[in-house]
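**Student:** make a model of this:
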Amino acid sequence: MSILPLGATEIQSVVTVKNSVPTPKKTFLFDFEKNEFVVDTMNNVITTTDNETIIRGVVEKILNDTRYRYAIYDRTWGNEIPDLIAQDDMYEVFEAELKRLLREALVSHPYIKDVTNIEVQQTSGAVYASFLVEASNGIIFPYKKEVA
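**Tutor:** You can find the predicted model right below:
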């Protein structure tokens, strides 16, 4: 004798797992050179739904924020490049650590899948990093930034 009613001996279970990729929906445009939001003629902040523009903004924001500096962000947000610059290591060590820190800072964000082809170039008084950003939704774009 069963505790289940007749006909209920076979229970089928269907589990659907969505392997969803986080994609940006909409954000405010920010001019990182002027350090202000982009506004229209009526002084309203302009928004965008362009995925590449949104992800470029995320990359720029991560590279502009120092990790552990602002309590509003979790411990994975930002970068530790200022600490690396303060160490005054040999250039070869600096270059290797910079590549590691750039990749580590960016791939911790859910919109960014990978950072590849990182190249560091030193010119008179400045260090530039260029790399490819692969977004979680498949967009791949080059990026170049002065880091020191």
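**Student:** C-alpha only now, for contacts and for neighbours.
**Tutor:** Fine.
**Student:** Ser130: what secondary structure?
**Tutor:** Three-state call for Ser130 (DSSP: H, G, I helix; E, B strand; the rest coil): strand.
**Student:** so how many other residues sit close to Arg56?
**Tutor:** Using other Cα atoms under 10 Å, Arg56 is surrounded by 16 other residues.
**Student:** ramachandran angles for it?
**Tutor:** With angles defined as degrees, to the nearest 10, Arg56 sits at phi -60, psi -40.
**Student:** per-residue pLDDT, it?
**Tutor:** Arg56 carries a pLDDT score of 94 in this model.
**Student:** distance of it from Phe94?
**Tutor:** When distance is defined by Cα to Cα, to the nearest Å, Arg56 is 25 Å away from Phe94.
**Student:** same question, Phe37
**Tutor:** 33 Å.
**Student:** Thr27 too?
**Tutor:** Remark: distance between Thr27 and Phe94 (Cα to Cα) = 34 Å.
**Student:** for Arg75, which residues are in contact?
**Tutor:** Listed by Cα atoms under 8 Å, 6 or more residues apart in numbering, the contact set of Arg75 reads 67-68.
**Student:** does it belong to a helix, a strand or coil?
**Tutor:** The local conformation at Arg75, judged by three-state DSSP, is coil.
**Student:** pLDDT score for it?
**Tutor:** On the pLDDT scale, Arg75 is placed at 88.
**Student:** contact partners of the helix or strand of the chain with the lowest mean pLDDT?
**Tutor:** Within the chain, confidence by mean pLDDT, DSSP states H and E is lowest for helix 81-87 among all helices and strands, at a mean of 87. Helix 81-87 has contacts (Cα under 8 Å, 6+ apart) with 66, 94, 97-98, 101-102, 147-148.
**Student:** quick check: buried residues in that helix?
**Tutor:** Neighbour counts over helix 81-87 (16 or more other Cα atoms under 10 Å) mark 81, 84 as buried.
**Student:** tell me the first helix or strand C-terminal of it.
**Tutor:** Moving toward the C-terminus from helix 81-87, the first helix or strand encountered (DSSP states H and E) is helix 91-107.
**Student:** now do that next one: which elements does it pack against?
**Tutor:** helix 51-64, helix 81-87, strand 112-123 (3 or more Cα pairs under 8 Å, 6 or more residues apart in numbering; DSSP states H and E).
**Student:** could you redo the last one with a cut-off of 6 Å?
**Tutor:** strand 112-123 (3 or more Cα pairs under 6 Å, 6 or more residues apart in numbering; DSSP states H and E).
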